[in-house]
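[1] Below is the sequence, then the predicted model.
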Amino acid sequence: MMNKQQYLLYFIMGSNNTDKNPEDALREAVQGGITSFQFREKGQYAEEGPAKKELAGRLQKICREAGIPFIVNDDVDLALELGADGIHAGQEDTPLVDIKKRCPSSMTIGVSAKTLEEAEQAVQDGADYLGVGPMFATSTKEDAENPVGPGAIRLLRESGLSVPIVGIGGIDAENAAFVMEAGADGVSVISAVSRADDIRQEAERLREVLR
Ligand SMILES: Cc1ncc(COP(=O)(O)OP(=O)(O)O)c(N)n1
Ligand SMILES: Cc1nc(C(=O)O)sc1CCOP(=O)(O)O
Ligand SMILES: [Mg+2]
């Protein structure tokens, strides 16, 4: 199970989120201080089948060696086959109750929520953390909704939710503080880190803001 500190800088990446070799990109992000990683292999040119599993295994190994939780996006079968540390599911993905039936209790289960109703339902169904977004405009997720802003996290906290929360969507070193001030335990980022010229330096810059 992930501890609260591990949500601080939650990096997400698939092979199409970087022009670099994904293993090199992840290694650089680890050196820069990311605290957890989600394998999100989807969209154009995404690997599938055995190639997806092999890539996931190579990235999982890097996380293991660094002592960083390795979370799989959407794909419960892959998470179980690899013995991942967790799984993240959106509102349109495998229902949380089904994930809970299949996965060991040691696995961290994250759920996307952008409204109080979705968040309360997810917590009631046993989510270990919530991913709330988009905080800001993003072009990384093709089907992203309109930004809900850090206010969405503030609302969840004011409503009494104490579950770990990460903000996601359009977050970078310039705006991450607004997400934390709203009550988040951490930020989830893709492009701010994966597309940086110097991935290690950008992760370090984010860690500076988050500390
Ligand atoms: C930490 C975190 N929060 C939210 C999401 C988004 O999940 P979802 O809505 O299922 O969208 P996809 O990522 O599957 O496109 C996430 N992946 N991680
Ligand atoms: C994967 C994802 N989920 C979102 C949500 O709002 O649930 S926004 C998003 C994309 C995050 O990428 P970037 O950091 O490059 O904006
Ligand atoms: Mg999903």
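    Right, received. Where do you want to start? Residues are numbered from 1 along each chain as shown. Ligands and ions are numbered 1, 2, ... in the order given.
[2] Going by C-alpha atoms from here, please, whenever you check contacts or count neighbours.
    Will do.
[3] where do the helices sit along this structure?
    Under the criterion DSSP state H, the chain contains helices at 22-32, 49-66, 76-82, 96-102, 116-124, 151-158, 176-181, 191-194, 199-210.
[4] list the helices and strands the last one packs on?
    So the one you mean is helix 199-210. strand 9-13, helix 22-32, helix 176-181, helix 191-194 (3 or more Cα pairs under 8 Å, 6 or more residues apart in numbering; DSSP states H and E).
[5] ok and the residue in this protein nearest ligand 1?
    residue 90 (3.1 Å; Cα to the nearest ligand atom).
[6] Now that residue: closest residue in space that isn't a chain neighbour?
    residue 112 (4.7 Å; Cα to Cα, 6 or more residues apart in numbering).
[7] How many neighbouring residues does the one you found have?
    24 (other Cα atoms under 10 Å).
[8] shouldn't it be in contact with residue 87?
    No - look at residue 112 against residue 87 with Cα atoms under 8 Å: they stay out of range, at 11.3 Å.
[9] want to throw the helices of the chain into JSON lines with mean neighbour count and mean pLDDT?
    Compiled in JSON lines, those are given as follows (neighbours: other Cα atoms under 10 Å; pLDDT from 0 to 100):
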{"stretch": "helix 22-32", "mean neighbour count": "20", "mean pLDDT": "98"}
{"stretch": "helix 49-66", "mean neighbour count": "16", "mean pLDDT": "98"}
{"stretch": "helix 76-82", "mean neighbour count": "17", "mean pLDDT": "98"}
{"stretch": "helix 96-102", "mean neighbour count": "14", "mean pLDDT": "97"}
{"stretch": "helix 116-124", "mean neighbour count": "16", "mean pLDDT": "98"}
{"stretch": "helix 151-158", "mean neighbour count": "19", "mean pLDDT": "98"}
{"stretch": "helix 176-181", "mean neighbour count": "20", "mean pLDDT": "98"}
{"stretch": "helix 191-194", "mean neighbour count": "24", "mean pLDDT": "98"}
{"stretch": "helix 199-210", "mean neighbour count": "19", "mean pLDDT": "98"}
